[in-house]
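> here is a sequence with its predicted model. Questions after.
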Amino acid sequence: MGGTLTNFSTIKKSIKRLRLLEKEGSSLYSNTITKKETQMLNRERIKLADQHRGIKDMRRLPDAIVVVDANYEETAIREAKSLDIPIVAIVDTNSDPLRIDYPIPANDDSIRTIQLIISAISEKIIQAKGFGKDELDSKGELSAPVDGSTKPVVKETVEASKGESYVKNIENSTEENAIEEEE
């Protein structure tokens, strides 16, 4: 979605609102508000959940962006460039590799190629952060926090389909731009 990176402070507020709606749920309001207002809040929750699917747990801007189709994800590339976020992208013969910081020449139409490249990148990031494969569950998430916190440190969602960008977010326990948790 355009503006996700460049307008991240507003996105954080929207995610905070989504968390509030999910935490409290419509059952909390059932005694104090009307049925229509409850339905409106539920619709808002569904809309926000759909808009922020995949970035709901993102606490800060990503360290790097991995893009599968550089032509399709032109907006994400422009936003990352404006924020000086490094871009790793699969560049096909129809893409310009000069606008990508770390181009990977490959066929961006092949699902097997995409899966191979994304899994290789994920493994290298996990190795660089000092995590072993035994600490990861089947979804590519840490099964137990390494730093003693209650939140996973590495989250990865990879869907191999053409035209989707892959944002790899690696969290540290102390973040400058972290979204405040509602108690």
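Received the coordinates, thanks. Residues are numbered from 1 along each chain as shown.

> hey, let's count contacts and neighbours off CA atoms from now on
Fine.

> what are the ranges of the strands in the protein?
Secondary structure of the chain (DSSP state E): strands at 64-67, 87-91, 102-105, 154-155, 165-170.

> could you list the paired strands of the third one along with their orientation?
Meaning strand 102-105. Next to strand 102-105 in the sheet, as set by DSSP bridges, lie strand 87-91 (parallel).

> just the C-alphas of the partner strand, formatted as PDB.
Only the C-alpha atoms of strand 87-91 are listed here, as PDB (Å, rounded to 0.1, in the frame of the first residue of the first chain):
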ATOM      1  CA  ILE A  87      16.500  -2.600  -1.500                       C
ATOM      2  CA  VAL A  88      17.200  -6.200  -2.400                       C
ATOM      3  CA  ALA A  89      15.200  -7.200  -5.500                       C
ATOM      4  CA  ILE A  90      14.900  -9.900  -8.100                       C
ATOM      5  CA  VAL A  91      15.500  -8.200 -11.400                       C
END
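
> what sits up against that strand?
Around strand 87-91, the neighbours that count as contacts under Cα atoms under 8 Å, 6 or more residues apart in numbering are 64-70, 77, 80-81, 97, 100-108.

> one more time with 6 Å
The contact list for strand 87-91 (Cα atoms under 6 Å, 6 or more residues apart in numbering) reads 64-68, 100-106.

> how many neighbours does residue 21 have?
The tally of other residues near residue 21 (other Cα atoms under 10 Å) stands at 19.

> actually, residue 76.
Neighbourhood size, residue 76 [other Cα under 10 Å]: 22.

> skipping its backbone neighbours, what lies nearest it in space?
With Cα to Cα, 6 or more residues apart in numbering as the criterion, residue 76 has its nearest non-adjacent residue at 7.0 Å, and that residue is residue 2.

> so how far is residue 34 from that neighbour?
35 Å (Cα to Cα, to the nearest Å).

> do the same with residue 114
Counting by Cα to Cα, the gap from residue 114 to residue 34 is 49 Å.

> try residue 80
Residue 80 is 44 Å from residue 34, by Cα to Cα.

> please say which of those two ends up with more neighbours.
Between residue 80 and residue 34, counted using other Cα under 10 Å, residue 80 has the larger neighbour count: 19 against 11.

> ok, residue 126 - how many residues close by?
When neighbours are counted by other Cα under 10 Å, residue 126 registers 18.

> quick one: pLDDT of it?
pLDDT for residue 126: 89.

> begin at 24 from here
Got it, first residue is 24 now, which makes that one residue 149.

> with residue 101 as the reference, measure out to it.
Distance of residue 149 to residue 101, given as Cα to Cα: 27 Å.

> how about the contacts of strand 110-114, which pair is most distant?
87 and 129 (19.3 Å; Cα to Cα).
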